[in-house]
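Enquirer: Sharing a sequence plus its predicted fold:
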Amino acid sequence: GGTLSDSMRAHPKVFQDEWCEVVRCGELSGELDKVLTRLCEQVEEVQALRAKITSALFYPVMILFVSVGAVLVMMTVVVPTFKSMFAEFGKELPGPTLKLVAISDNLRANGGTYALMLVIGAVMFRSWVRTEGGKRLWTRFLMSLPVIGDLMVQSAMQKFALNLSNLLSSGVSILESLDIVRGVYRSNPAYQDATARMSVQIGRGATLTQALASTGLFTSYMVNMTRIGEESGTITETHAEVARFYRGKVETTVQRLASQVETVLIILMSIMVAAVLIALYLPMFELSAG
(Lines give C-alpha, C1' and ligand atoms only; values in the text may rest on other atoms or scores of the structure.)
Protein backbone atom coordinates (compact mmCIF):
# COMPACT_ATOMS: atom_id res chain seq x y z
CA GLY A 1 0.00 0.00 0.00
CA GLY A 2 2.98 2.34 -0.11
CA THR A 3 3.55 5.01 -2.74
CA LEU A 4 6.10 4.77 -5.52
CA SER A 5 8.21 7.60 -4.08
CA ASP A 6 8.30 6.01 -0.61
CA SER A 7 9.28 2.68 -2.14
CA MET A 8 12.09 4.39 -4.06
CA ARG A 9 13.34 6.12 -0.89
CA ALA A 10 13.81 2.69 0.68
CA HIS A 11 16.66 2.10 -1.81
CA PRO A 12 18.87 5.22 -1.56
CA LYS A 13 21.80 3.48 -3.28
CA VAL A 14 19.72 3.12 -6.42
CA PHE A 15 17.35 6.11 -6.42
CA GLN A 16 18.69 9.58 -5.68
CA ASP A 17 16.87 11.97 -3.34
CA GLU A 18 15.94 14.42 -6.11
CA TRP A 19 14.41 11.59 -8.16
CA CYS A 20 12.23 10.53 -5.24
CA GLU A 21 11.09 14.10 -4.64
CA VAL A 22 10.19 14.61 -8.29
CA VAL A 23 8.17 11.37 -8.26
CA ARG A 24 6.40 12.46 -5.05
CA CYS A 25 5.36 15.74 -6.66
CA GLY A 26 4.13 13.83 -9.71
CA GLU A 27 1.98 11.68 -7.44
CA LEU A 28 0.50 14.72 -5.68
CA SER A 29 -0.18 16.61 -8.91
CA GLY A 30 -1.67 13.61 -10.74
CA GLU A 31 0.87 13.96 -13.57
CA LEU A 32 3.12 11.06 -12.66
CA ASP A 33 3.41 9.92 -16.27
CA LYS A 34 4.70 13.30 -17.47
CA VAL A 35 7.00 13.64 -14.48
CA LEU A 36 8.51 10.20 -15.06
CA THR A 37 9.08 11.06 -18.71
CA ARG A 38 10.99 14.24 -17.77
CA LEU A 39 12.92 12.35 -15.10
CA CYS A 40 13.88 9.66 -17.60
CA GLU A 41 15.18 12.32 -20.00
CA GLN A 42 17.22 13.89 -17.18
CA VAL A 43 18.77 10.56 -16.17
CA GLU A 44 19.63 9.72 -19.78
CA GLU A 45 21.19 13.15 -20.26
CA VAL A 46 23.35 12.79 -17.15
CA GLN A 47 24.44 9.28 -18.13
CA ALA A 48 25.29 10.41 -21.66
CA LEU A 49 27.43 13.24 -20.30
CA ARG A 50 29.17 10.88 -17.89
CA ALA A 51 29.86 8.42 -20.72
CA LYS A 52 31.40 11.15 -22.87
CA ILE A 53 33.64 12.28 -20.01
CA THR A 54 34.75 8.70 -19.34
CA SER A 55 35.45 8.13 -23.02
CA ALA A 56 37.48 11.32 -23.30
CA LEU A 57 39.64 10.47 -20.27
CA PHE A 58 40.11 6.77 -21.08
CA TYR A 59 43.00 7.17 -23.52
CA PRO A 60 45.08 9.56 -21.33
CA VAL A 61 44.66 7.22 -18.36
CA MET A 62 45.78 4.26 -20.46
CA ILE A 63 48.83 6.23 -21.61
CA LEU A 64 49.68 6.99 -17.99
CA PHE A 65 49.53 3.31 -16.97
CA VAL A 66 51.52 2.22 -20.03
CA SER A 67 54.14 4.88 -19.36
CA VAL A 68 54.59 3.89 -15.73
CA GLY A 69 54.65 0.21 -16.63
CA ALA A 70 57.25 0.73 -19.37
CA VAL A 71 59.56 2.68 -17.07
CA LEU A 72 59.23 0.07 -14.30
CA VAL A 73 60.04 -2.77 -16.70
CA MET A 74 63.08 -0.91 -18.00
CA MET A 75 64.34 -0.13 -14.49
CA THR A 76 63.78 -3.60 -13.03
CA VAL A 77 64.51 -5.85 -16.04
CA VAL A 78 66.45 -4.03 -18.74
CA VAL A 79 68.87 -2.02 -16.58
CA PRO A 80 70.03 -5.04 -14.48
CA THR A 81 70.79 -6.91 -17.74
CA PHE A 82 72.95 -4.04 -18.94
CA LYS A 83 74.54 -3.78 -15.50
CA SER A 84 75.93 -7.32 -15.74
CA MET A 85 77.21 -6.53 -19.20
CA PHE A 86 78.87 -3.31 -18.01
CA ALA A 87 80.68 -5.27 -15.28
CA GLU A 88 82.57 -7.18 -17.99
CA PHE A 89 83.94 -3.96 -19.48
CA GLY A 90 86.22 -3.34 -16.50
CA LYS A 91 86.00 0.42 -16.95
CA GLU A 92 84.45 3.17 -14.90
CA LEU A 93 80.94 3.95 -16.03
CA PRO A 94 79.75 7.49 -16.91
CA GLY A 95 77.91 9.51 -14.27
CA PRO A 96 74.41 9.22 -15.85
CA THR A 97 74.81 5.43 -16.14
CA LEU A 98 75.95 5.11 -12.52
CA LYS A 99 72.93 7.11 -11.32
CA LEU A 100 70.58 4.99 -13.45
CA VAL A 101 72.06 1.76 -12.07
CA ALA A 102 71.79 3.10 -8.51
CA ILE A 103 68.15 3.98 -9.02
CA SER A 104 67.49 0.53 -10.49
CA ASP A 105 69.19 -1.23 -7.57
CA ASN A 106 67.26 0.85 -5.06
CA LEU A 107 63.98 0.18 -6.83
CA ARG A 108 64.58 -3.58 -6.96
CA ALA A 109 65.65 -3.70 -3.31
CA ASN A 110 62.90 -1.45 -1.90
CA GLY A 111 60.15 -1.75 -4.53
CA GLY A 112 57.83 -3.60 -2.18
CA THR A 113 58.30 -0.96 0.52
CA TYR A 114 57.59 1.86 -1.92
CA ALA A 115 54.45 0.10 -3.18
CA LEU A 116 53.25 -0.42 0.40
CA MET A 117 53.89 3.24 1.20
CA LEU A 118 51.88 4.29 -1.84
CA VAL A 119 48.96 2.08 -0.82
CA ILE A 120 49.03 3.37 2.77
CA GLY A 121 49.28 6.95 1.54
CA ALA A 122 46.33 6.45 -0.82
CA VAL A 123 44.21 4.93 1.96
CA MET A 124 45.10 7.74 4.38
CA PHE A 125 44.37 10.38 1.74
CA ARG A 126 41.02 8.79 0.94
CA SER A 127 40.10 8.69 4.62
CA TRP A 128 41.13 12.33 5.05
CA VAL A 129 39.10 13.46 2.01
CA ARG A 130 36.01 11.77 3.44
CA THR A 131 36.20 13.91 6.59
CA GLU A 132 34.33 17.21 6.58
CA GLY A 133 37.44 19.35 6.93
CA GLY A 134 39.45 17.31 4.45
CA LYS A 135 36.69 17.43 1.85
CA ARG A 136 36.45 21.21 2.16
CA LEU A 137 40.19 21.78 1.88
CA TRP A 138 40.56 19.39 -1.06
CA THR A 139 37.60 20.94 -2.89
CA ARG A 140 38.96 24.42 -2.31
CA PHE A 141 42.35 23.34 -3.68
CA LEU A 142 40.84 21.75 -6.80
CA MET A 143 38.68 24.79 -7.51
CA SER A 144 41.76 27.02 -7.34
CA LEU A 145 43.43 25.10 -10.19
CA PRO A 146 43.20 26.74 -13.65
CA VAL A 147 41.45 24.14 -15.83
CA ILE A 148 40.10 21.72 -13.22
CA GLY A 149 38.56 24.58 -11.23
CA ASP A 150 36.73 25.87 -14.32
CA LEU A 151 35.48 22.36 -15.04
CA MET A 152 34.14 22.00 -11.49
CA VAL A 153 32.31 25.33 -11.72
CA GLN A 154 30.77 24.47 -15.09
CA SER A 155 29.68 21.07 -13.79
CA ALA A 156 28.15 22.69 -10.71
CA MET A 157 26.21 25.14 -12.91
CA GLN A 158 24.92 22.31 -15.08
CA LYS A 159 23.77 20.30 -12.05
CA PHE A 160 22.06 23.30 -10.47
CA ALA A 161 20.22 24.40 -13.60
CA LEU A 162 19.16 20.89 -14.65
CA ASN A 163 17.86 19.79 -11.25
CA LEU A 164 16.17 23.11 -10.43
CA SER A 165 14.42 23.16 -13.80
CA ASN A 166 13.09 19.63 -13.39
CA LEU A 167 12.01 20.16 -9.78
CA LEU A 168 10.20 23.45 -10.46
CA SER A 169 8.49 22.04 -13.54
CA SER A 170 7.28 19.12 -11.39
CA GLY A 171 5.58 21.47 -8.96
CA VAL A 172 8.19 21.53 -6.18
CA SER A 173 8.47 24.88 -4.40
CA ILE A 174 11.65 26.94 -4.72
CA LEU A 175 12.70 26.35 -1.10
CA GLU A 176 12.10 22.60 -1.31
CA SER A 177 13.93 22.53 -4.64
CA LEU A 178 16.98 24.25 -3.15
CA ASP A 179 17.02 21.82 -0.23
CA ILE A 180 16.99 18.93 -2.69
CA VAL A 181 19.65 20.50 -4.92
CA ARG A 182 21.78 20.97 -1.81
CA GLY A 183 21.88 17.18 -1.52
CA VAL A 184 23.16 16.94 -5.09
CA TYR A 185 26.31 18.78 -4.00
CA ARG A 186 27.41 16.21 -1.42
CA SER A 187 30.84 16.00 -3.06
CA ASN A 188 31.23 19.80 -3.22
CA PRO A 189 30.85 21.46 0.20
CA ALA A 190 31.36 24.94 -1.26
CA TYR A 191 28.19 24.79 -3.37
CA GLN A 192 26.38 22.82 -0.69
CA ASP A 193 26.90 25.67 1.78
CA ALA A 194 26.05 28.25 -0.86
CA THR A 195 22.73 26.54 -1.62
CA ALA A 196 21.89 26.45 2.10
CA ARG A 197 22.58 30.20 2.38
CA MET A 198 20.38 30.81 -0.66
CA SER A 199 17.47 29.01 1.01
CA VAL A 200 17.78 31.25 4.05
CA GLN A 201 17.89 34.42 1.95
CA ILE A 202 14.90 33.44 -0.18
CA GLY A 203 13.00 32.56 2.98
CA ARG A 204 13.62 36.14 4.13
CA GLY A 205 12.20 37.59 0.93
CA ALA A 206 15.12 37.72 -1.50
CA THR A 207 14.72 36.67 -5.12
CA LEU A 208 16.55 33.70 -6.60
CA THR A 209 18.70 36.07 -8.63
CA GLN A 210 19.74 38.03 -5.54
CA ALA A 211 20.49 34.81 -3.65
CA LEU A 212 22.61 33.47 -6.50
CA ALA A 213 24.59 36.70 -6.86
CA SER A 214 25.26 36.95 -3.12
CA THR A 215 27.13 33.62 -2.98
CA GLY A 216 29.92 34.68 -5.35
CA LEU A 217 30.16 31.08 -6.63
CA PHE A 218 27.66 31.19 -9.48
CA THR A 219 28.70 32.56 -12.85
CA SER A 220 27.42 35.86 -14.22
CA TYR A 221 25.75 33.95 -17.05
CA MET A 222 23.77 31.88 -14.55
CA VAL A 223 22.77 34.98 -12.57
CA ASN A 224 21.72 36.96 -15.66
CA MET A 225 19.74 34.08 -17.15
CA THR A 226 18.00 33.56 -13.82
CA ARG A 227 17.07 37.25 -13.76
CA ILE A 228 15.63 36.96 -17.26
CA GLY A 229 13.69 33.85 -16.26
CA GLU A 230 12.22 35.51 -13.17
CA GLU A 231 11.24 38.67 -15.02
CA SER A 232 9.64 36.77 -17.90
CA GLY A 233 8.06 34.05 -15.79
CA THR A 234 9.96 31.30 -17.64
CA ILE A 235 12.39 30.22 -14.94
CA THR A 236 12.06 26.49 -15.69
CA GLU A 237 12.60 26.92 -19.45
CA THR A 238 15.49 29.32 -18.86
CA HIS A 239 17.30 26.97 -16.51
CA ALA A 240 16.74 24.07 -18.91
CA GLU A 241 18.54 26.14 -21.55
CA VAL A 242 21.31 27.02 -19.09
CA ALA A 243 21.76 23.31 -18.31
CA ARG A 244 22.16 22.53 -22.02
CA PHE A 245 24.65 25.39 -22.39
CA TYR A 246 26.86 24.21 -19.53
CA ARG A 247 26.60 20.60 -20.63
CA GLY A 248 28.22 21.63 -23.89
CA LYS A 249 30.88 23.61 -22.05
CA VAL A 250 31.68 20.65 -19.79
CA GLU A 251 32.06 18.33 -22.78
CA THR A 252 34.33 20.82 -24.57
CA THR A 253 36.46 21.44 -21.47
CA VAL A 254 36.87 17.72 -20.77
CA GLN A 255 37.90 17.01 -24.35
CA ARG A 256 40.41 19.88 -24.30
CA LEU A 257 41.78 18.76 -20.92
CA ALA A 258 42.09 15.15 -22.11
CA SER A 259 43.94 16.29 -25.22
CA GLN A 260 46.35 18.41 -23.19
CA VAL A 261 46.98 15.65 -20.64
CA GLU A 262 47.55 13.16 -23.45
CA THR A 263 50.14 15.44 -25.07
CA VAL A 264 51.95 16.08 -21.79
CA LEU A 265 52.05 12.37 -20.93
CA ILE A 266 53.44 11.44 -24.35
CA ILE A 267 56.15 14.10 -24.03
CA LEU A 268 57.09 12.99 -20.51
CA MET A 269 57.13 9.33 -21.53
CA SER A 270 59.38 10.13 -24.50
CA ILE A 271 61.76 12.12 -22.29
CA MET A 272 61.98 9.37 -19.64
CA VAL A 273 62.54 6.58 -22.16
CA ALA A 274 65.12 8.65 -24.05
CA ALA A 275 66.98 9.48 -20.83
CA VAL A 276 67.12 5.79 -19.83
CA LEU A 277 68.30 4.69 -23.27
CA ILE A 278 70.97 7.37 -23.44
CA ALA A 279 72.29 6.42 -20.00
CA LEU A 280 72.37 2.73 -21.01
CA TYR A 281 74.12 3.19 -24.32
CA LEU A 282 76.53 5.93 -23.22
CA PRO A 283 79.21 3.43 -22.05
CA MET A 284 79.02 1.66 -25.42
CA PHE A 285 79.48 4.95 -27.25
CA GLU A 286 82.55 5.73 -25.12
CA LEU A 287 84.02 2.27 -25.76
CA SER A 288 83.51 2.53 -29.50
CA ALA A 289 85.03 6.02 -29.47
CA GLY A 290 87.99 4.83 -27.38
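Expert: In hand now; what should we look at? Residues are numbered from 1 along each chain as shown.

Enquirer: Please count neighbours and contacts with C-alpha atoms only from this point.
Expert: Noted.

Enquirer: now Gly111, what's its secondary structure?
Expert: With DSSP: H, G, I helix; E, B strand; the rest coil as the basis, Gly111 sits in helix.

Enquirer: And for the host helix or strand of Gly26, what's in contact with it?
Expert: Counting by DSSP states H and E, the element that carries Gly26 is helix 17-29. Helix 17-29 is contacted from outside by 4-6, 8-9, 32-36, 39, 163, 166-167, 170-172, 180-181, 183-184, using C-alpha atoms under 8 Å, 6 or more residues apart in numbering.

Enquirer: Any quick PyMOL command for the buried ones out of the residues you listed?
Expert: Buried residues within the contacts of helix 17-29, by 16 or more other C-alpha atoms under 10 Å, are selected in PyMOL with:
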select buried, resi 5+8+9+32+35+36+39+163+166+167+170+171+172+180+181+183+184
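
Enquirer: The contacts of helix 17-29 in helices, which ones?
Expert: 4-6, 8-9, 32-36, 39, 163, 166-167, 180-181, 183-184 (DSSP state H).

Enquirer: got any ranges where this structure has weak pLDDT?
Expert: Residues of the chain that meet the criterion pLDDT under 70 lie in 29, 89-91, 286-290.

Enquirer: again, only using 50
Expert: Nowhere does the chain drop to pLDDT under 50.

Enquirer: mind listing the helices for it?
Expert: Here the chain has its helices, by DSSP H, at 4-9, 17-29, 32-73, 79-87, 95-130, 132-144, 146-169, 174-184, 189-203, 208-215, 220-232, 235-289.

Enquirer: counting contacts, what elements does the first one pack onto?
Expert: What it means is helix 4-9. Under the contact definition 3 or more C-alpha pairs under 8 Å, 6 or more residues apart in numbering; DSSP states H and E, helix 4-9 sits against helix 17-29.

Enquirer: buried set for stretch 79-87?
Expert: 79-80, 83, 86.

Enquirer: For that stretch, what is the distance to the chain centroid?
Expert: 43 Å (C-alpha atoms, centre = their mean, to the nearest Å).

Enquirer: Closest to Thr252 out of the buried residues of stretch 79-87?
Expert: The closest of the buried residues of stretch 79-87 to Thr252 turns out to be Val79 (C-alpha to C-alpha; 42.2 Å).

Enquirer: quick one, what contacts that closest one?
Expert: Taking C-alpha under 8 Å, 6+ apart as the test, what Val79 contacts is 100-101, 104, 280.

Enquirer: The helix holding Gly26 vs helix 174-184, what angle?
Expert: 150 degrees (axes from the mean of the first three to the mean of the last three C-alpha atoms, to 10 degrees).

Enquirer: Tell me the buried residues in helix 17-29?
Expert: 17-27.

Enquirer: so which of the residues you listed comes closest to Leu72?
Expert: Closest to Leu72, out of all of the buried residues of helix 17-29 and judged by C-alpha to C-alpha, is Asp17, at 45.3 Å.

Enquirer: From Val46, how far off is the closest one?
Expert: 15 Å (C-alpha to C-alpha, to the nearest Å).

Enquirer: Now do the same contact list for the residue lying closest to Arg186 once chain neighbours are set aside.
Expert: Leaving aside its sequence neighbours, Arg186 sits nearest to Gln192 (C-alpha to C-alpha, 6 or more residues apart in numbering; 6.7 Å). Residues near Gln192 by C-alpha under 8 Å, 6+ apart: 182-183, 185-186.

Enquirer: CSV please, covering those residues and showing distance to Ser199.
Expert: Formatted as CSV, those follow (distance: C-alpha to C-alpha, whole Å):
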residue, distance to Ser199
Arg182, 10
Gly183, 13
Tyr185, 14
Arg186, 16
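
Enquirer: which of those residues tops the neighbour count?
Expert: In terms of neighbour count, Arg182 stands highest of the contacts of Gln192 at 21 neighbours, by other C-alpha atoms under 10 Å.

Enquirer: Contacts only, for that one.
Expert: Under the criterion of C-alpha under 8 Å, 6+ apart, the neighbours of Arg182 are 191-193, 195-196.
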